[in-house]
Structure formats: C-alpha cells, structure tokens
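**Q** sequence? don't have it. structure:
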C-alpha cells in the first residue's frame, strides 16, 4: 500500500498548497491512502467545516486534528457528522468525534488511523497517550484486522514522540509526529517494521516563525511584549510530510521517504 501523510496545514497558504498540489501527487505517486493533519488550517488555529470539506475534496482520505481540535466551534458538530475527521484519543471522554477509526481504501484494504496528544510541555493535562494507543492497536491488529495502521502523535517533545514510535513498533505501519511545524530528518523503519518520523513539518510558508508572520513573534522574543495578533504567513508554501510503502500481508513498512514539495524546503519528490 502507498500511504502519504502531510503535516500540519497552516492557514490559507497551507490550504492552497494542499488543495492545489495533492490531486497531482495522488495520480503521480499512485497513492492508495492520504492522511492530512488539518488542525491549523483555519487562520492558524483549528479547522472549520468548510476548510475541512475543501481538504477532503482535494484528495485527503482522513483529516487528523490536535490540541486546537475544537478552537473553531463548528467542529464540535462537524466532528460527529463527518467520519473522516479524527480528533485525539486522549481528550475528554465527552468530546465529539472519534480518536481512531478503520477506513477502507479503493481496493478494500482496511486502514486504521489514530491520533493521540502527548503530555510533555503541553498546556493541558491530557490522559496517558500510551494506554490509549495500546487499547486501539490491540483491538485492530496489524496484518490481521487491518492491512495498515497510521498513528499521528501530536506533541512537543521529540523524546515523547520517539518513545511512542518504539511503543508502537510492530503494531503500526507508520508513527509520525505533528504539532511543532518543523520537519525532522530521522525517517526510518524501526526493527519491528514500523515507519517512523519525529515530525512531518507543516504545509505552510517557511519564511515565518512556525507558520506565523515573523515580525510579531520576533518582537515578543526581543522585547517580551506583545504588539499585535499572530497572523499566518501567506507566502509560497511547502508541502511537508512522509511517504510510506507497506506490505499488504504484514502491514509493515518497506519504504519511507520524507516529502518536501515547493516553497523554501523543496526537494526531489518520491
């Protein structure tokens, strides 16, 4: 199976890059399944229903969220109505939507998509991501109930992301980190056959401070004083993410490549 995961979509620039670029990638790379983290797609904070529909129509099979999952209030209803939205497993039990779900690709193969929030350096005291993921992966076993399994671990600390990768090794096809918006260079296949990348990076303008117009963040760092609101950067965006090929029989990764398309971080495609 050919899987593509795209990192945090950041504002209008990120949306336009995904909407404009994903259809061609699906065709050129003969992608079977695409997951996009959309939690910053609406003005840099959260995802509204209209922008979610646009990303899905562009070719995303599933959209994951994150700690800003419900910053846009219409997502409170939309997450229940749209099964292709995955919010974190370990938020409040009363939260709308689901944190994991099994999907079916065009050839009838089952794909599990799950997301969890980390605990280290995060602003909220989220529930334990390890036990939450353990329950899901034990229920939907790789190479048995599902032919592929993708875990989006949304957190600050690379150490916590790495620990989740090893914890899921052999039970997921891919564990990929999101949230920090800075792509890492450690794509690898772990000993048990799980593809791993600490952070997919963002789909957004990298001539910025993690996707925000750079002047206001710089002012706050230099002076310690706010002067204006943060605004998403609007220059040419880079599509950032990870491409994985898996064995249909075992669900294990056989190939993993970082993806950088367009913008300031462009590089050769898969």
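**A** Structure's in. What do you need? Everything numeric here is computed off the predicted structure, so don't read it as measured data.

**Q** what's the burial count for the nearest residue to residue 198 once chain neighbours are set aside?
**A** Excluding the flanking residues, the one nearest residue 198 by C-beta to C-beta, 6 or more residues apart in numbering is residue 184, at 4.1 Å. Where you see a C-beta, it was placed from the backbone N, CA and C, and this is true even at glycine. Per other C-beta atoms under 10 Å, the neighbour tally for residue 184 reads 16.

**Q** assign a three-state SS to residue 184, would you?
**A** Secondary structure for residue 184, judged by DSSP: H, G, I helix; E, B strand; the rest coil, is coil.

**Q** relative to residue 98, how far out is it?
**A** Distance, residue 184 to residue 98, using C-beta to C-beta, to the nearest Å: 28 Å.

**Q** check contacts around the residue nearest to residue 198.
**A** 158, 177, 197, 198, 199, 201 (C-beta atoms under 8 Å, 6 or more residues apart in numbering).

**Q** now render those residues as JSON lines, adding secondary structure, distance to residue 129 and neighbour count.
**A** Listed next are the contacts of residue 184 as JSON lines, based on DSSP: H, G, I helix; E, B strand; the rest coil; distance: C-beta to C-beta, whole Å; neighbours: other C-beta atoms under 10 Å:
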{"residue": "158", "secondary structure": "helix", "distance to residue 129": "15", "neighbour count": "16"}
{"residue": "177", "secondary structure": "strand", "distance to residue 129": "12", "neighbour count": "30"}
{"residue": "197", "secondary structure": "strand", "distance to residue 129": "17", "neighbour count": "28"}
{"residue": "198", "secondary structure": "coil", "distance to residue 129": "15", "neighbour count": "23"}
{"residue": "199", "secondary structure": "coil", "distance to residue 129": "16", "neighbour count": "24"}
{"residue": "201", "secondary structure": "coil", "distance to residue 129": "21", "neighbour count": "28"}
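
**Q** show me the two of those that sit farthest apart.
**A** 158 and 201 (13.0 Å; C-beta to C-beta).

**Q** and the gap between the residue nearest to residue 198 and residue 36?
**A** Shown here: residue 184 relative to residue 36, a distance of 18 Å by C-beta to C-beta.

**Q** do a quick rundown of the strands in the stretch 1-150 of the chain.
**A** Ranges of strands in the stretch 1-150 of the chain, per DSSP state E, counting those that start in this stretch, are 2-6, 8-9, 33-37, 62-64, 85-86, 100-104, 110-117, 148-154.

**Q** quick one, phi/psi of the spatially closest residue to residue 258 that is not a sequence neighbour?
**A** Closest residue to residue 258 apart from its sequence neighbours, by C-beta to C-beta, 6+ apart: residue 187 at 5.0 Å. Here is the backbone geometry of residue 187 (degrees, to the nearest 10): phi -60, psi 130.

**Q** next one: residue 187 from residue 239, what distance?
**A** Taking C-beta to C-beta, one finds residue 187 at 16 Å from residue 239.

**Q** which one of these two is surrounded by more residues?
**A** Neighbours per residue (other C-beta under 10 Å) separate residue 187 from residue 239, with residue 239 holding more: 28 against 19.

**Q** is that one bridged to anything, and to what?
**A** According to DSSP bridges, the residues that bridge with residue 239 are residue 261.

**Q** surely residue 112 and residue 141 touch.
**A** No. Judged on C-beta atoms under 8 Å, residue 112 makes no contact with residue 141 at a distance of 9.4 Å.

**Q** neighbour count: these two, which is higher?
**A** Set residue 112 next to residue 141 and count neighbours by other C-beta under 10 Å: residue 112 wins out with 25 against 13.

**Q** of all the strands of the stretch 1-150 of the chain, which one is nearest residue 193?
**A** Per C-beta to C-beta, nearest to residue 193 of the strands of the stretch 1-150 of the chain: strand 148-154, 11.1 Å.

**Q** from the chain's centre, how far out does the closest one sit?
**A** Centre-to-centre, strand 148-154 and its host chain are 8 Å apart (C-alpha atoms, centre = their mean, to the nearest Å).
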